[in-house]
Structure formats: C-alpha cells, structure tokens
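sequence and predicted structure are below.
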Amino acid sequence: YFHIAGIFDLPPIMVYFLSSSNRRYSLEGCDDLATTCRWAIVGGQSNRWGTGATMPLSDTNVAITARFYRIKVQLP
C-alpha cells in the first residue's frame, strides 16, 4: 500500500515514500490549504518512475516558509 515513509524538513525538503516499480510519481505543493489551494508540480519532480523501494522527491525552493505536499501516483 502507498504511504509516506518520512519527511526531512530542512532545505531541501525531502518526502520519502514506498514506491512501486510500475508506477510514476510526482511531488505537488500548495502554500495555503485554508484558501483555494492550487496544487502545483514541484519543479523537476514529476513523472518519476518508482524503484520498488523507498524513494525521495524533493523541493529545493528554500524561499518558501510554509508549504503542504502531496504525492500524485499514476499508472503507466
């Protein structure tokens, strides 16, 4: 089953999750969940093929002070 394995919250932000080798993953971010959140792909972190093991996706934008993340999972 899909689940987040951990988050490293110092720049760069790293989101670790258990991946499947026959799935593609993208990291999405949103700055404010209280208003109309527009989830957007984090630069360079889209359509990454899973490895079948724990893998990270990262956000290197250190200018953002608070952000929420989710991982999008796609079938090939």
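Right, received. Where do you want to start?

name the residue most distant from the centre of this protein?
The outermost residue of the chain relative to its centre, with distances by Cα atoms, centre = their mean, is T35 at 20.5 Å.

all strands in the chain, in order from the N-terminus.
Under the criterion DSSP state E, the chain contains strands at 4-8, 13-18, 24-30, 40-41, 48-49, 54-59, 68-74.

how close does the residue farthest from the centre of the chain sit to M55?
T35 is 31 Å from M55, where distance means Cβ to Cβ, to the nearest Å. The C-beta positions use only the backbone N, C-alpha and C, and glycine is treated the same way.

can you give me the neighbour number for V15?
When neighbours are counted by other Cβ atoms under 10 Å, V15 registers 23.

give the contact list for it.
I4, G6, I7, L27, P56, L57, S58, D59, Y69, I71 (Cβ atoms under 8 Å, 6 or more residues apart in numbering).

can you check what pLDDT the model gives the residue nearest the centre of the chain?
Compute the mean C-alpha point of the chain, and by Cα atoms, centre = their mean the closest residue is L27, 2.8 Å away. L27 is assigned 97 on the pLDDT scale.

from W49, how far out is it?
The value you get for L27 to W49, if Cβ to Cβ is used, is 14 Å.

tell me which residues in stretch 10-22 are buried?
I13, M14, V15, F17, S19 (16 or more other Cβ atoms under 10 Å).

may I have it as PDB, with CA atoms only?
Extracted in PDB, the C-alpha atoms of stretch 10-22 (Å, rounded to 0.1, in the frame of the first residue of the first chain):
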ATOM      1  CA  LEU A  10      15.300  21.200   6.200                       C
ATOM      2  CA  PRO A  11      16.200  22.600   2.800                       C
ATOM      3  CA  PRO A  12      15.900  20.800   0.600                       C
ATOM      4  CA  ILE A  13      12.600  19.400   1.700                       C
ATOM      5  CA  MET A  14      12.600  15.600   1.100                       C
ATOM      6  CA  VAL A  15       9.500  13.500   1.100                       C
ATOM      7  CA  TYR A  16      10.200   9.700   1.300                       C
ATOM      8  CA  PHE A  17       7.700   7.100   0.300                       C
ATOM      9  CA  LEU A  18       7.500   3.400  -0.600                       C
ATOM     10  CA  SER A  19       7.300   3.200  -4.400                       C
ATOM     11  CA  SER A  20       6.300   0.600  -6.900                       C
ATOM     12  CA  SER A  21       8.400   0.000 -10.000                       C
ATOM     13  CA  ASN A  22       5.400   0.100 -12.300                       C
END
